[in-house]
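Asks: no FASTA, just this:
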């Protein structure tokens with residue numbers, strides 16, 4: 001995980017080559033990287049979809065997911081961190097901790113994912129390993145523990161010093177496959193001793209055994225240092241940091257060793273958390289092959305031949321090919337036709353998936369991202385993933401009426417693959433509206449629709465996706481009575497609505513227990529409420545940050561039907577929200593601008609003209625980094641203005657921050 005262009009795919013390609021998974025190093029620049037298999041990725045030279053693979057090193061199986069770095073594809077990082085046990089954070093030796101690195105770090109923090117750091121591009125002009133360590137300490141709030149220091153830098157970078165083993169490592173040959181170990185040369189001895197002392201000092205704060213040896217002036221054994229560093233890494237107390245230059249094939253093998261040495265195996269992590277749907281209590285799920293089967297669908301990919309490919313991380317038990325499984329959230333039985341292990345876009349068949357494994361199941365018809373797969377006898381839901389809201393929309397229209405059904409089908413497939421991509425039909429204009437995380441995100445998806453799926457369509461200009469909410473509490477009682485097909489359908493209920501803090505999401509609570517009322521009636525009310533939230537209050541935009549409580553329900557065995565309660569709940573919520581001072585919210589983006597210092601003033605002026613509010617400014621060396629909040633509506637076409645203002649030398653990244661009342 002890292003900021004765009006830090007070298008994630010380049011490093012992964014080397015890992016696959018040195019572990020014997022591939023026989024040739026694929027280069028991103030040539031469009032030949034194994035992990036970037038999509039045509040769009042090869043053309044643009046960036047990773048768009050996270051790609052999974054499995055390889056072996058020192059007798060251990062390593063499941064790797066190479067994630068995108070661009071802020072528009074942050075959902076791919078989110079779902080990868082949700083199901084993996086450890087992460088390698090890659091830092092650019094010149095740029096240090098970049099904006100998207102901070103974003104993915106926060107995501108890793110949320111899932112308590114242990115990490116190791118790798119400072120890449122040590123051969124670039126301006127590379128500074130020790131400055132990157134300071135950056136990590138200041139911006140990420142974790143203590144970096146350098147377990148290697150570089151020998152030389154920029155064009156003179158030639159190897160690393162292993163501070164634990166007290167050896168120099170150099171690489172031989174063009175492909176860097178041969179490592180040469182030697183004692184530390186006198187020229188590097190003082191620096192190595194200084195940094196080894198710092199490493200022991202950092203470890204002594206975590207370990208009494210190391211403290212005792214350190215105070216007694218005795219040497220600290222290599223095995224003890226590795227064991228204590230592993231413990232500190234698993235607790236996220238320290239970040240072991242290595243150095244290298246993946247493009248020049250330097251530094252990758254020690255990084256794979258560090259993955260094995262310091263990142264956890266599936267059975268060493270804290271048990272996964274679940275929720276028992278029958279007892280309504282939280283449950284801890286230890287990683288045990290003999291346990292009840294339980295897995296999480298974290299990604300759906302559509303394959304023209306195989307159909308829906310469900311990527312699954314198994315947390316407990318075992319699933320075998322040809323057997324039946326149970327989708328716990330949807331309460332549906334599914335059949336496992338085939339199980340595959342993925343190597344980017346290629347696959348190999350497997351007989352079964354066991355706890356700790358990541359694989360693909362073919363044949364699941366109802367499953368979607370975030371669903372829990374298990375058995376009917378053990379109904380535990382695993383914690384779902386939280387995805388950011390799509391904030392930018394464009395209209396898409398098929399050129400002929402006959403293409404409309406095909407386009408709808410493809411949009412359905414794409415929204416199943418990507419939870420941050422949504423489609424809806426504008427009731428007033430009849431237009432198909434698609435929404436995503438940013439201009440690049442939508443551009444990639446539109447290109448896929450036109451080129452990959454060969455649909456002829458016209459695309460409108462980007463539009464901002466607003467949200468609606470309420471600013472005061474209100475209560476509404478509603479009764480519903482209709483005669484449908486000669487049968488009377490009645491329902492009556494009371495809903496209370498109240499505003500929630502920004503970013504809380506919608507929360508529905510049933511504040512009553514009536515055992516005599518069937519379960520499906522309460523399900524129908526919830527279905528009606530969630531449906532009404534999507535259709536807005538007064539402008540038709542989805543509603544957010546509203547707390548809804550069902551306080552009263554009147555049910556008749558003779559005339560009360562689920563459809564009546566769904567309709568009644570929907571009408572009741574609409575009326576309650578209209579009484580609760582509805583407001584319109586607009587998306588506010590966090591914009592990070594990096595510009596040469598002579599243009600920093602002009603860049604700040606440019607963002608404030610667009611309603612931006614500068615929140616921080618950081619001047620380092622010859623460049624300045626400016627962070628600001630700006631309304632998305634004003635940010636279209638900003639790149640062109642920024643380039644002309646800075647002679648093409650300034651860059652910016654933009655990610656959704658929060659919704660705010662539109663003035």
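Replies: Arrived safely, thanks for sending. Just so you know, these numbers come straight off a predicted model, no measurement behind them.

Asks: Need the residue closest to the centroid of this protein.
Replies: The chain has residue 78 as the residue nearest its centroid, 1.4 Å off, counting by Cα atoms, centre = their mean.

Asks: my guess is that residue meets residue 385, correct?
Replies: Yes: contact criterion Cβ atoms under 8 Å: residue 78 and residue 385 qualify, at 5.9 Å. Quick note: C-beta positions are derived from backbone N, CA and C, even for glycine.

Asks: just checking, what packs against the single longest strand found in the chain?
Replies: Ranked by residue count and defined by DSSP state E, the top strand of the chain is strand 582-596. Contact here means 3 or more Cβ pairs under 8 Å, 6 or more residues apart in numbering; DSSP states H and E; on that basis strand 582-596 packs against strand 467-470, helix 600-609, strand 623-631, strand 651-661.

Asks: Pull the distance from that strand to the chain's centre.
Replies: Averaging C-alpha positions (Cα atoms, centre = their mean, to the nearest Å) puts strand 582-596 20 Å from its chain's average.

Asks: circling back to that earlier point, ok, now how distant is the residue nearest to the centre of the chain from residue 619?
Replies: Residue 78 is 32 Å from residue 619, where distance means Cβ to Cβ, to the nearest Å.

Asks: Also residue 86?
Replies: 35 Å.

Asks: For these two, work out which one has more neighbours and name it.
Replies: residue 86 (20 against 11; other Cβ atoms under 10 Å).

Asks: Identify the residue nearest that one in space, chain neighbours excluded?
Replies: Excluding the flanking residues, the one nearest residue 86 by Cβ to Cβ, 6 or more residues apart in numbering is residue 263, at 3.2 Å.

Asks: Need the phi and psi values for that neighbour.
Replies: phi -90, psi 150 (degrees, to the nearest 10).

Asks: for residue 220, same thing?
Replies: The phi/psi pair for residue 220 (degrees, to the nearest 10) reads phi -90, psi 120.

Asks: quick one: the longest strand of the chain to strand 623-631, angle?
Replies: On the basis of axes from the mean of the first three to the mean of the last three Cα atoms, to 10 degrees, strand 582-596 is oriented at 170 degrees to strand 623-631.

Asks: what are the pairing partners of strand 582-596, and which direction each?
Replies: Strand 582-596 sits in its sheet next to strand 467-470 (antiparallel), strand 623-631 (antiparallel), strand 651-661 (antiparallel), going by DSSP bridges.

Asks: Helix, strand, or coil at residue 242?
Replies: Here residue 242 is recorded as strand under DSSP: H, G, I helix; E, B strand; the rest coil.

Asks: Look up how far residue 551 lies from it.
Replies: According to Cβ to Cβ, residue 242 and residue 551 sit 58 Å apart.

Asks: Please identify which of these two sits among more neighbours.
Replies: Counting neighbours by other Cβ under 10 Å for residue 242 and for residue 551 shows that residue 242 has the greater number, 24 against 14.

Asks: So what sits opposite residue 120 in the bridge?
Replies: Note on residue 120: beta-bridge partners residue 92, judged by DSSP bridges.

Asks: One more: residue 284?
Replies: Under the criterion DSSP bridges, residue 284 forms beta bridges with residue 273.

Asks: Does it touch residue 269 like I think?
Replies: No: between residue 284 and residue 269 there is no contact under Cβ under 8 Å: 11.7 Å.

Asks: okay, these two: which has more neighbours?
Replies: Applying other Cβ under 10 Å to residue 284 and residue 269 shows that residue 269 carries more neighbours, namely 20 against 10.

Asks: is it true that the more buried one touches residue 285?
Replies: No: Residue 269 is beyond contact range of residue 285, at 11.1 Å (criterion: Cβ under 8 Å).

Asks: Find the nearest non-adjacent residue to residue 168, please.
Replies: Closest to residue 168 by Cβ to Cβ, 6+ apart is residue 182, at 5.0 Å.

Asks: Tell me who's in contact with the one you found.
Replies: Residue 182 makes contacts with 167-168, 170, as judged by Cβ atoms under 8 Å, 6 or more residues apart in numbering.

Asks: Now do the buried residues in the longest strand of the chain.
Replies: The neighbour-count check on strand 582-596 (16 or more other Cβ atoms under 10 Å) flags 582-595 as buried.

Asks: Please work out the angle formed by the directions of it and helix 600-609.
Replies: 170 degrees.

Asks: got any ranges where this protein has weak pLDDT?
Replies: Low-confidence segments of the chain, defined by pLDDT under 70: 427-429, 620-622, 648.

Asks: And the helices in the stretch 101-250 of the chain?
Replies: Assigned by DSSP state H, counting those that start in this stretch, the stretch 101-250 of the chain shows helices spanning 129-135, 186-204, 208-216, 222-234.

Asks: Which residues does the shortest one contact?
Replies: If I follow you right, that is helix 129-135. For helix 129-135, contacts defined as Cβ under 8 Å, 6+ apart pick out 91, 93, 96-97, 119, 122, 144, 146, 149-150, 153, 241, 243.

Asks: Please convert the buried members of those into PyMOL selection syntax.
Replies: Command for PyMOL that selects the buried part of the contacts of helix 129-135, burial taken from 16+ other Cβ under 10 Å:
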select buried, resi 91+93+96+97+119+122+144+146+149+150+153+241+243
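
Asks: just to revisit the earlier point, just send the buried residues of strand 582-596 back as a markdown table, with distance to residue 34 too.
Replies: Compiled in a markdown table, those are given as follows (distance: Cβ to Cβ, whole Å):
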| residue | distance to residue 34 |
| --- | --- |
| 582 | 51 |
| 583 | 49 |
| 584 | 47 |
| 585 | 43 |
| 586 | 42 |
| 587 | 36 |
| 588 | 39 |
| 589 | 34 |
| 590 | 33 |
| 591 | 34 |
| 592 | 31 |
| 593 | 34 |
| 594 | 31 |
| 595 | 36 |
